[in-house]
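S.K.: pasting the structure only:
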């Protein structure tokens, strides 16, 4: 079975996950470092879970942030700079082109904020995706997308507000597996609380234990 190449976009830490600011502003005197550390923890746990999935052969993180790059390469991922600099979908397309140029087979785009992701969930979702030309996993709210999978052809990502409907309109099939960790992205403090109840990875656990309790 050919393993998947997973492209993960990661913004610069200072401008990522701005809706978590109400939480991070209360930590460590509201120092920007607390926000950066939380974003790094979410990214690290997401990438670690993806790398541990038997369905995944490569995780390629698209980022211009040196700290994010250092964390994910330390876990075993590859990185490429955000050459286009034109937002999330352009970054994903760039990463997909780099992966394809290196001989990647099936491609998937994965959110960077899935700290409760389990490697077996990702493997199950990708196994279902393998039999479809294009498919996606919607987030818990049902409006966003956490995973877009394309076994062959162009990635054509449509992430952003209303991305679930946008991907469906473009011909992608919505995968219906339960996969709570794969669906639970973290945009707000309430999302983080839900992810924590599901069971977050070690980096997010360490951050929360040292700052939130």
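M.R.: Received the coordinates, thanks. All of these numbers come straight from a predicted model, not from anything done at the bench.
S.K.: relative to the whole chain's centre, how far out is the longest helix belonging to the chain?
M.R.: With DSSP state H applied, the helix covering the greatest number of residues in the chain is identified as helix 32-51. Relative to its chain's centre, helix 32-51 lies at 10 Å (CA atoms, centre = their mean, to the nearest Å).
S.K.: so for it, what's the average pLDDT?
M.R.: In this model, helix 32-51 carries a mean pLDDT of 93.
S.K.: next, the buried residues of the helix or strand that it is followed by.
M.R.: Scanning forward in sequence from helix 32-51, with DSSP states H and E defining helices and strands, the next element found is strand 56-62. Residues 56, 58-62 are the ones in strand 56-62 that count as buried (16 or more other CB atoms under 10 Å). Quick note: C-beta positions are derived from backbone N, CA and C, even for glycine.
S.K.: same check, this time on stretch 77-84
M.R.: Using 16+ other CB under 10 Å as the burial criterion, the residues of stretch 77-84 that qualify are 77-80, 82.
S.K.: which stretches of this protein form helices?
M.R.: All helices of the chain, identified by DSSP H, fall at 21-24, 32-51, 66-75, 88-101, 119-129, 163-169, 180-183, 189-198, 202-211.
S.K.: against residue 161, how distant is residue 126?
M.R.: Shown here: residue 126 relative to residue 161, a distance of 25 Å by CB to CB, to the nearest Å.
S.K.: quick one, which of these two is more surrounded?
M.R.: In terms of neighbours (other CB atoms under 10 Å), residue 126 is the more surrounded of residue 126 and residue 161; the figures are 26 against 8.
S.K.: could I get the helices of the chain as TSV with distance to residue 153?
M.R.: Written out in TSV, the entries for those read as follows (distance: least, CB to CB, whole Å):
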stretch	distance to residue 153
helix 21-24	38
helix 32-51	21
helix 66-75	26
helix 88-101	10
helix 119-129	13
helix 163-169	14
helix 180-183	23
helix 189-198	32
helix 202-211	34
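S.K.: and these, which one averages the lowest pLDDT?
M.R.: helix 21-24 - the lowest mean pLDDT of these, at a mean of 74.
S.K.: which one of the buried residues of stretch 77-84 sits closest to residue 115?
M.R.: Ranked by distance to residue 115 (CB to CB), the buried residues of stretch 77-84 are led by residue 77 at 15.8 Å.
S.K.: in contact with the closest residue in space to that closest one that isn't next to it in sequence, which residues?
M.R.: Nearest residue to residue 77, sequence neighbours excluded (CB to CB, 6 or more residues apart in numbering): residue 59, at 4.1 Å. The contact partners of residue 59, taken as CB atoms under 8 Å, 6 or more residues apart in numbering, are 5-6, 8, 47, 50-51, 72, 76-78.
S.K.: quick one, phi psi at the nearest residue to residue 90 once chain neighbours are set aside?
M.R.: When the adjacent residues along the chain are set aside, residue 90 lies closest to residue 84, with 4.0 Å between them (CB to CB, 6+ apart). Note on residue 84: its backbone torsions stand at phi -60, psi -40 [degrees, to the nearest 10].
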